[in-house]
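Asker: sequence unknown, structure follows:
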């Protein structure tokens, strides 16, 4: 684990590094300090997680946790831009740590060499302010959604398939301006599709840049949430179709059948 300096004031080097943020009235010095204090957990150092980690590090997020138990393979390199050819066979956490350190020495990285599930994830999730899900399977997505809801942590969740992607933000423990409970993951996807119905990237293929687009958008959502700016994708699902270069947003609500959450 890299040393955590998130409680320190912005140094002269950081003021110069983040100058283009600080000049934005919506961010400013106060917002940049919030980013420095932030602790964000990224699930997966793969196609979606790679741009997420790079942009969070570049933005000055003080502590970035990465949960991944995989190694780099040749077929990853078409989209997983955290890793290079020399990293083939290495743990993704190791190559990710090197890239983060090279990009921004002011960022601390916390590695978690596990596949997050209901049994091991509670303590990990609770140690962070916000979670970004870039996993590639429904079991992890449902488990993570439950863990974040129980810990009352915002969850930015992204998914991709071939030329398409989706993104939303979940805070089912909170209410909207009208006092209505915000929806959770199961309000959007009540149950996982049958095994084998949704092909994996290895089976169906994936245009590499699709993961870059969704990962960058997920990082933007996280930065907005940390700084308290803009309108997050709460109760809204962003759909991205790269072949048609079309972006659509659909609204969804808390299901009346959903159990009450304390």
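Answerer: Right, received. Where do you want to start? Computed from a prediction, not measured in an experiment: that's the story for all the values here. Numbering: from 1, shown residues only.

Asker: give me the secondary structure label for the nearest residue to residue 224 once chain neighbours are set aside.
Answerer: Leaving aside its chain neighbours, residue 224 sits nearest to residue 230 (4.5 Å; criterion: C-beta to C-beta, 6 or more residues apart in numbering). From N, CA and C alone the C-beta is placed, and that goes for glycine too. Following DSSP: H, G, I helix; E, B strand; the rest coil, the label given to residue 230 is coil.

Asker: what's the burial count for residue 203?
Answerer: Residue 203 is flanked by 8 other residues according to other C-beta atoms under 10 Å.

Asker: which secondary structure element is home to it?
Answerer: Secondary structure assignment for residue 203, by DSSP states H and E: helix 201-204.

Asker: so after that helix, what's the next helix or strand?
Answerer: Following helix 201-204 toward the C-terminus (DSSP H and E): helix 208-227.

Asker: let me know the angle separating the very next helix or strand once past that next one from helix 208-227.
Answerer: Following helix 208-227 in sequence order, the next helix or strand is strand 236-241 (DSSP H and E). Interaxial angle, strand 236-241 versus helix 208-227 (axes from the mean of the first three to the mean of the last three C-alpha atoms, to 10 degrees): 160 degrees.

Asker: what pLDDT, on average, does the helix holding residue 203 get?
Answerer: Mean pLDDT, computed over helix 201-204, is 72.

Asker: returning to that earlier point: mind checking how far the residue nearest to residue 224 is from residue 142?
Answerer: According to C-beta to C-beta, to the nearest Å, residue 230 and residue 142 sit 28 Å apart.

Asker: which of those two has more neighbours?
Answerer: Ranked by neighbour count (other C-beta under 10 Å), residue 230 and residue 142 place residue 142 first, with 17 against 11.

Asker: does that one touch residue 184 like I think?
Answerer: No - between residue 142 and residue 184 there is no contact under C-beta atoms under 8 Å: 10.3 Å.

Asker: where along this structure do the strands fall?
Answerer: For the chain, applying DSSP state E gives strands covering 39-43, 63-67, 108-112, 130-133, 155-161, 164-170, 236-241, 246-251.

Asker: got TSV for those, with mean neighbour count, distance to residue 28 and mean pLDDT too?
Answerer: Converted to TSV, these look like this (neighbours: other C-beta atoms under 10 Å; distance: least, C-beta to C-beta, whole Å; pLDDT from 0 to 100):
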stretch	mean neighbour count	distance to residue 28	mean pLDDT
strand 39-43	26	20	98
strand 63-67	25	21	98
strand 108-112	20	23	97
strand 130-133	26	20	98
strand 155-161	24	23	97
strand 164-170	23	23	98
strand 236-241	16	27	98
strand 246-251	11	28	97
